[in-house]
Each structure stands twice: as structure tokens, then as C-alpha cells.
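Trainee: sharing a model that was predicted from the sequence below.
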Amino acid sequence: MNDTLTAIEGILVGHTTDPVGMTGCTVVLTPGGAVAGVDVRGSAPGTRETDLLRPVNLVERAHAVLLTGGSAFGLAAADGVMRYLEEQGEGFPTGVAHVPIVAAAVLFDLALGDPGVRPGPEQGYAACRNAGASPVAEGSVGAGTGCTVGKLLGLAHAMRGGLGSSLVRGTGELAVGALVAVNAFGDVFCPETATPLAGLRDPATGRPGGTLSLLGLATPSLGPAASTTLAVVATNAKLSKEGANKVAQMAHDGLARVIRPCHTMYDGDTVFALATGKYEADVTVVGALAAEAVALGVARAVRAATAWGPVPAWRDLQG
């Protein structure tokens, strides 16, 4: 059974992964376009076409959303997504050409692997070629390849983040899925039990979840803009552009439930929302389900991640 983002009909997901450079990108394709919205809450974002998705602006539908590593350099991968979509005849009609609408956001993963290796146009194009409706591959793949969490004291005490996806069903046929690349400054907690899953490992015990207790007592070792959690939520509901933006806003609550602290000065937290428009639904219901899906996706990301060098993953601390 598919319990990931691609269970939403009309949503395709593809990755490119560089396990040596420790970076990658993940593309969400919406053939024919989907009504799109966005909400940026972190204070160190790196984005493309987010202004276009705001309610007051002309274009209503996006043809793809790209989540990528490589910090601001990684935005170049969107050029490859544009090229792929143009070849498929996708895009906003202008009378002289179809211009694909590709929204994108980046996360900082340069501290792992080779900082000179970043996703570019070829990686973005390859992610599109790899896209399909199969269950989303999770863990240390795509945009989650170089992710870490709990970085207040640097990588020596951090743990691995990753990429996770989930699906939550409402009444009738309503469904909301999430795809989350978790590279947070803070710690990740279990959405069911509120126990720490991954994050800053206590120097004395080695157990995760120590960021809040040390916050204010230590200077962040990786400096500004070294974190960010990115998410795409998609639903089969009918939403206006205003409704999609509201769903993206509400979906941030899912991050705040399981990442502590969240939306910091060191994070560029960004959530995109896509609506394929198949079923009638209330915006509040969709937003509530989106927050739940995001929280579950964050937990799945760290549970599926694998260790890198001195940085352990959740599975390594399970005995």
C-alpha cells in the first residue's frame, strides 16, 4: 500500500542522490499543473518563485516543486526541471511559448561530503526522469541525502536528518500527503509520544534532544543558514490559490509539533501546498490534515536515515 505523497493521484516524485558528495534533490511533478501556495517561516530561506505563488499574483498553478541541497547554489537544479517540463509541453501559456512554473527551495548540506558538489541542471533534469507514482523512497536520498539535525554544538554532537513522506486520509475520498526534507537546527520528537528521536546528543549521555537545554549557553558551531526543513503537502481537494496558501500556513504547525526549536534564525523552513482539485473539501480540514501529515513525515525522515561518518542516525541508537 502506498502511504506516501504519490498516493495523491496526479503527483509524481523523483530523486537524484550523490552519496559521495552527500547532496541531492527531489522533484514533485504535477502534470497539467496544480493549484499552489507557499508559506516561508524560517529566517534563512533560499527560494525561487515563492512570490509568484502568493494569492495576489497572476499564476495559479505550478508544474513542479523542487527541494534541493547545495544551499543557494542548488537553485540551479531548477533550470533542469524547467528544461524537462518544456520538452513535455508543460507550462504557462504566453502566446509565444509555454513557461513551466517551477517553485524551489534549498537546504544547507555543504558540511557533509564535498562542499564543492551541489545539484545543478543535470541533477534536476535527472530527478524528473526518475519521477513516478511509486511509493516515495525515504531516508538519506534526494534532498535528504546530506541532512542533519541538532547542530547547536556542530556535527560532532548532531544526528542524521533525511527525507520522509506520509499520507493522512480524511472522510470520504479526501487525502493529504506530505514530503519533508528534515535538516533542522533543532531536535526531532516523536509525534505520538513526544520523546526525542534525533537531535543534539548530550555530551555526557549521548542521547538526543539536548538543544533546548543548551540553547543560550552555546554559540551555534555551524554558523548562520546551516539548517532548514522543507516540505511539500499535496491534496486531492479542490482549493483556490488563497486556500492553498492557507493550507501551507497551517502545515507549518506539523513542523512545530515535532521540531524544537522550530523556525529559528538559522532555519529557512518553507512549506509548499499543491491541490489537484478532485474533491470538495473545507480548507480548515485540509490544513489540519496537512499539519498531521507533515509531523508524521518528519518522524519518518529521521527513522529512515542512515549514518554518515561520525554522525549517527536514529537506527544506530536503538540498541
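Mentor: Happy to help now that I have it.

Trainee: count the residues that sit near the residue lying closest to Gly91 once chain neighbours are set aside.
Mentor: Excluding the flanking residues, the one nearest Gly91 by C-beta to C-beta, 6 or more residues apart in numbering is His98, at 3.1 Å. Bear in mind the C-beta positions are built from the backbone N, C-alpha and C, glycine included. The tally of other residues near His98 (other C-beta atoms under 10 Å) stands at 15.

Trainee: who does His98 bridge with?
Mentor: For His98, the beta-bridge partners are Pro93 (DSSP bridges).

Trainee: what of the one 5 residues further on?
Mentor: Per DSSP bridges, residues listed as beta-bridge partners of Ala103: Val65.

Trainee: can you name the element that comes right after the top strand by length along the chain?
Mentor: For the chain, the strand with the greatest residue count under DSSP state E is strand 23-40. Once the chain leaves strand 23-40, the next helix or strand it forms, by DSSP states H and E, is strand 47-48.

Trainee: from Phe108, how far off is the residue nearest to Gly91?
Mentor: Relative to Phe108, His98 is positioned 33 Å away (C-beta to C-beta, to the nearest Å).

Trainee: likewise Gly216?
Mentor: Distance from Gly216 to Phe108, by C-beta to C-beta: 22 Å.

Trainee: higher neighbour count, these two?
Mentor: The neighbour comparison of Gly216 against Phe108 (other C-beta under 10 Å) goes to Phe108, with 27 against 8.

Trainee: pretty sure the more buried one contacts Thr229?
Mentor: No - if you go by C-beta atoms under 8 Å, Phe108 and Thr229 don't touch, sitting 11.2 Å apart.

Trainee: and for the two, which residues touch both?
Mentor: Common neighbours of Phe108 and Thr229 (criterion: C-beta atoms under 8 Å, 6 or more residues apart in numbering): Asn183.

Trainee: need the contact list for the residue nearest to Gly91.
Mentor: By C-beta under 8 Å, 6+ apart, the contact set of His98 is 86, 89-92.

Trainee: Arg300 against Ser166, yeah?
Mentor: Yes - with contact defined as C-beta under 8 Å, Arg300 reaches Ser166; the gap is 5.9 Å.

Trainee: who has more neighbours out of those two?
Mentor: Higher neighbour count among Arg300 and Ser166: Ser166, with 28 against 25, using other C-beta under 10 Å.

Trainee: where's that one, which helix or strand?
Mentor: Applying DSSP H and E as the criterion places Ser166 in strand 162-169.

Trainee: buried set for that strand?
Mentor: Using 16 or more other C-beta atoms under 10 Å as the test for burial, strand 162-169 gives 162-168.

Trainee: averaged pLDDT, the helix or strand following that strand. What do you get?
Mentor: With elements assigned by DSSP H and E, the helix or strand that comes after strand 162-169 is strand 175-183. On average, the pLDDT along strand 175-183 is 98.

Trainee: which phi and psi does the residue nearest to Gly177 when sequence neighbours are not counted have?
Mentor: Excluding the flanking residues, the one nearest Gly177 by C-beta to C-beta, 6+ apart is Leu5, at 3.8 Å. The phi/psi pair for Leu5 (degrees, to the nearest 10) reads phi -60, psi -30.

Trainee: begin at 14, not 1, for the rest of this chat.
Mentor: With 14 as the first residue, the last one maps to Leu18.

Trainee: wait, Leu18 touches Leu25, no?
Mentor: No - distance between Leu18 and Leu25: 9.4 Å, which falls outside the contact criterion (C-beta under 8 Å).

Trainee: mind listing the helices for the stretch 64-213 of the chain?
Mentor: Using DSSP state H, counting those that start in this stretch, the helices found in the stretch 64-213 of the chain span residues 90-100, 134-142.

Trainee: format these as a markdown table; extra columns: mean pLDDT.
Mentor: Formatted as a markdown table, the helices of the stretch 64-213 of the chain follow (pLDDT from 0 to 100):
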| stretch | mean pLDDT |
| --- | --- |
| helix 90-100 | 97 |
| helix 134-142 | 98 |
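
Trainee: just put the ones you listed in TSV and tack on distance to Thr30 and mean neighbour count.
Mentor: Listed next are the helices of the stretch 64-213 of the chain as TSV, based on distance: least, C-beta to C-beta, whole Å; neighbours: other C-beta atoms under 10 Å:
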stretch	distance to Thr30	mean neighbour count
helix 90-100	13	22
helix 134-142	9	22
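
Trainee: tabulate the ones you listed in TSV, adding columns for distance to Ala247.
Mentor: TSV is the format used below for these (distance: least, C-beta to C-beta, whole Å):
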stretch	distance to Ala247
helix 90-100	17
helix 134-142	17
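
Trainee: lowest confidence element among the helices and strands of this structure?
Mentor: Ranked by mean pLDDT, DSSP states H and E, the helix or strand of the chain with the weakest confidence is helix 224-227, at a mean of 84.

Trainee: much appreciated, bye for now.
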